[in-house]
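> kindly return the folded structure for what I paste below:
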Amino acid sequence: MQEELTKYVEKMKKTIKSLEEEFNAIRAGRPNPHILDKIQADYYGTPTPIQQLANISIPESRMMVIQPWDKTALKEIEKAIQMSDLGINPNSDGIVLRLHFPDLTEERRKDLSKEVKKKGEDAKVAIRNIRRDANDQFKKGQRDNTLTEDDLKDLEDQIQKQTDKFIKDIDAHVEEKIQDILKV
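Below you'll find the predicted structure:
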């Protein structure tokens with residue numbers, strides 16, 4: 001049953017990784033290439049991530065430059081960014097796209113903080129659901145007489161310790177991201 005415990009701990013790790021990816025997509029103060037991770041441009045009829053179509057650089061603290069390897073993809077990348085929920089209008093000179101990131105307003109920072117807290121709570125719920133699934137599986141093992149009552153108690157304690165550890169990890173990630181957002 002120890003391999004069962006490992007399986008559930010791996011699921012919890014994936015939840016944390018997913019949360020980190022979601023946080024990377026949230027724009028704090030400076031531009032971050034990860035905010036483009038979920039945006040795909042139509043490239044010869046195929047939705048393709050922008051990172052696979054262009055070089056992305058950050059030459060200044062408020063600007064991101066996207067330089068497509070294939071110049072014909074420029075218009076499609078521009079269109080994909082305009083249609084996304086970034087709220088930024090790219091400037092094109094025919095060779096590169098420049099994204100100018102305005103300073104975040106106080107209200108926008110508060111909204112982003114609420115969004116971060118909500119994503120953190122969703123991740124905690126996911127961790128607790130994994131714990132519940134694990135406990136259900138362990139109890140089933142005891143009913144099937146593959147686990148003793150002592151083994152069941154031991155596994156429940158271990159999964160609870162892992163749950164507590166991951167919840168603390170989520171809280172730390174949320175706090176770090178909020179500090180990043182609120183930093184002017």
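> pLDDT wise, what is the residue lying farthest from the centre of the chain at?
Most distant from the centre of the chain: Asn145, at 40.4 Å, with distances by Cα atoms, centre = their mean. The model reports Asn145 with a pLDDT of 84.
> any idea how far Asp151 is from it?
Distance, Asn145 to Asp151, using Cβ to Cβ, to the nearest Å: 11 Å. Quick note: C-beta positions are derived from backbone N, CA and C, even for glycine.
> now swap in Leu36 and tell me
In terms of Cβ to Cβ, Leu36 sits 48 Å off from Asp151.
> got the domain ranges for the chain?
Using automatic domain parsing, the domain ranges for the chain come out as 2-24+105-182, 33-100.
> between Leu36 and Asp151, who's got more neighbours?
Leu36 (24 against 15; other Cβ atoms under 10 Å).
> isn't the more buried one up against Thr48?
No. Leu36 is beyond contact range of Thr48, at 11.9 Å (criterion: Cβ atoms under 8 Å).
> just after the longest helix belonging to the chain, pick out the following helix or strand.
Counting residues, the longest helix in the chain under DSSP state H turns out to be helix 106-143. From helix 106-143 onward toward the C-terminus, using DSSP states H and E, the following helix or strand is helix 149-182.
> that following helix to helix 106-143, inter-axis angle?
170 degrees (axes from the mean of the first three to the mean of the last three Cα atoms, to 10 degrees).
> any stretches of the chain with poor pLDDT?
In the predicted model, the chain carries pLDDT under 70 at residues 1, 27-30, 184.
> same question for stretch 174-184: list its buried residues.
Val174, Lys177, Ile178, Ile181 (16 or more other Cβ atoms under 10 Å).
> how far does that stretch sit from the chain's center?
Distance of stretch 174-184 from the chain centroid (Cα atoms, centre = their mean, to the nearest Å) equals 15 Å.
> same thing with stretch 173-184?
Put simply, stretch 173-184 sits 15 Å off its chain's centre (Cα atoms, centre = their mean).
> show me the beta-bridge partners of the residue lying closest to Lys75 once chain neighbours are set aside.
In space, and not counting its chain neighbours, Lys75 is closest to Ser92: 8.0 Å by Cβ to Cβ, 6 or more residues apart in numbering. Beta bridges link Ser92 to Leu97, judged by DSSP bridges.
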